[in-house]
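[1] the following block contains a protein sequence and its predicted model.
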Amino acid sequence: MDDRGSLTTEHRNRNSTHLYRLSVEDAFDLVNGEDATVAKAVALARRDICEAINLVVAAFRAGGRLIYVGAGTSGRLGVLDAAECPPTFLSDPLMVQGVIAGGREALVRSVEGAEDDANDGATAMDERAVRVSDVVFAIATGGTTPFVHGAVRRARQREAKTVFLACVPKEQVADEADVSIRVVTGPEVLTGSTRMKAGTATKMVLNMVSTIAMAQSGRVYENLMVDVNTAGHAKLIDRAVRIIETVTGLTRDRSRLLLDEAGGRVKTALVMHARKVDPATADRLLHESGGLLHESLGNGRRPV
């Protein structure tokens, strides 16, 4: 067994050596203060995160997929981000995927040892027929997970682009990915518990990657989720109606009627209103623009 004690994520945090003796209030202040350092650590990785996002944007435009790979907390966060894309961006469920060591069971309980086999990571890439148009985004906060490294190696063999996210410096653990993101969050309040600061950093990075890539791919207009999935969901129907109200200035009742006429598709509804066309024509205009609403509206203007 390798000694991982040299990893930054395994070091003891000097600020929290008396954690067990603190009052609830003082413990709160300690954890909150440590969490406040995470955003700065993410900001320091700006260049590499942006490079990774550009890879994902290129993949989406080429019909490729974003495939997160991780174990434990890292794997669950990848699966979570993937699961949230279809309702937020009306994306195909296969467009963003999450792979976790140990499979579905590992989502709800720890599957010890599942992360230790690099061959399993490679097999997971084969099972998903990873290809040149895809991006495999590997997550291992401590940087050493064999399952994740095996997935990266196989993805590279299959000519996919690869990204590696860890919360330790490269000099502690190397990787073979095309883009290596290192968000060095430092020792955890609870020694080695990377579900804390490292997990928070991971969630922040994945939020940026999927949201910015989807926005760059035409699934956002201004700062509105105009590709929201309204199928049978009262909250999302309400959001869609409010988006139409916001962009067009129509009343709520008229916005709801327009949404219904557009078959629940917000972008279609907005183009119908702006261009005074029927749903089929609106859909054609959107298709011709590659789904870019601002181009489909005509002259780059908001609907009026």
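    Perfect, I can see it now.

[2] neighbouring contacts of stretch 7-20?
    If you take C-beta atoms under 8 Å, 6 or more residues apart in numbering as the criterion, stretch 7-20 is touched by 4-5, 27, 30, 33-34, 141-144, 167-169, 172-173, 184-192, 194, 198. Where you see a C-beta, it was placed from the backbone N, CA and C, and this is true even at glycine.

[3] again, only using 6 Å
    Contacts with stretch 7-20, where a contact means C-beta atoms under 6 Å, 6 or more residues apart in numbering, come from 4, 30, 141-142, 167-168, 172, 187, 189, 191-192, 194, 198.

[4] so for that stretch, mean pLDDT?
    Here stretch 7-20 scores 90 as its mean pLDDT.

[5] that one: how far from the chain's middle?
    Here the centre of stretch 7-20 is set off from its chain's centre by 29 Å, with C-alpha atoms, centre = their mean, to the nearest Å.

[6] repeat for stretch 190-199
    With C-alpha atoms, centre = their mean, you get 19 Å for stretch 190-199.

[7] mind listing what's buried in it?
    For stretch 190-199, the neighbour count (16 or more other C-beta atoms under 10 Å) marks 192, 194, 195, 196, 197, 198, 199 as buried.

[8] same check, this time on stretch 230-237
    230, 236, 237.

[9] endpoints of it, how far apart?
    Length of stretch 230-237, first residue to last, C-alpha to C-alpha, to the nearest Å: 5 Å.

[10] next SSE after whatever helix or strand residue 47 lives in?
    Residue 47 belongs to helix 46-61 when assigned by DSSP states H and E. As assigned by DSSP H and E, the chain's next helix or strand after helix 46-61 is strand 66-70.

[11] how far off helix 46-61 does that next one point, in degrees?
    Per axes from the mean of the first three to the mean of the last three C-alpha atoms, to 10 degrees, the angle that strand 66-70 makes with helix 46-61 is 130 degrees.

[12] show me where the stretch 101-250 of the chain has helices.
    Ranges of helices in the stretch 101-250 of the chain, per DSSP state H, counting those that start in this stretch, are 118-127, 146-157, 197-216, 234-248.

[13] would TSV of those helices with distance to residue 97 be doable?
    Formatted as TSV, the helices of the stretch 101-250 of the chain follow (distance: least, C-beta to C-beta, whole Å):
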stretch	distance to residue 97
helix 118-127	10
helix 146-157	12
helix 197-216	12
helix 234-248	22
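
[14] among the ones you listed, which comes closest to residue 51?
    For the helices of the stretch 101-250 of the chain, proximity to residue 51 was assessed by C-beta to C-beta; helix 197-216 is nearest, at 11.0 Å.

[15] now that closest one: buried residues?
    Neighbour-count burial for helix 197-216, counted by 16+ other C-beta under 10 Å, picks out 197-202, 204-206, 208-216.

[16] same question, stretch 17-37
    Using 16+ other C-beta under 10 Å as the test for burial, stretch 17-37 gives 27, 30, 31, 34.

[17] was I right about residue 289 contacting residue 295?
    Yes - shown here, residue 289 and residue 295 form a contact pair, counting by C-beta atoms under 6 Å, at 4.0 Å.

[18] can you get me the start-to-end distance on stretch 155-165?
    Stretch 155-165 has an end-to-end distance of 15 Å (C-alpha to C-alpha).

[19] please, which helix or strand holds residue 88?
    Counting by DSSP H and E, residue 88 is part of helix 72-89.

[20] output the contacting helices and strands for the helix or strand just after that helix.
    Using DSSP H and E, the helix or strand that directly follows helix 72-89 along the chain is strand 96-100. Strand 96-100 sits against strand 66-70, helix 72-89, with contacts defined as 3 or more C-beta pairs under 6 Å, 6 or more residues apart in numbering; DSSP states H and E.

[21] measure how strand 96-100 sits relative to helix 197-216, angle-wise.
    When the same axes, to 10 degrees is applied, the directions of strand 96-100 and helix 197-216 differ by 160 degrees.

[22] just checking: what are the partner strands of strand 96-100?
    Partners of strand 96-100 in the sheet, by DSSP bridges, are strand 66-70 (parallel).

[23] please save the CA atoms from the strand it pairs with in PDB.
    C-alpha atoms of strand 66-70 as PDB (Å, rounded to 0.1, in the frame of the first residue of the first chain):
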ATOM      1  CA  LEU A  66     -18.700  15.200 -21.900                       C
ATOM      2  CA  ILE A  67     -18.000  12.200 -19.700                       C
ATOM      3  CA  TYR A  68     -17.100  12.700 -16.100                       C
ATOM      4  CA  VAL A  69     -15.200   9.900 -14.400                       C
ATOM      5  CA  GLY A  70     -14.500   9.600 -10.600                       C
END
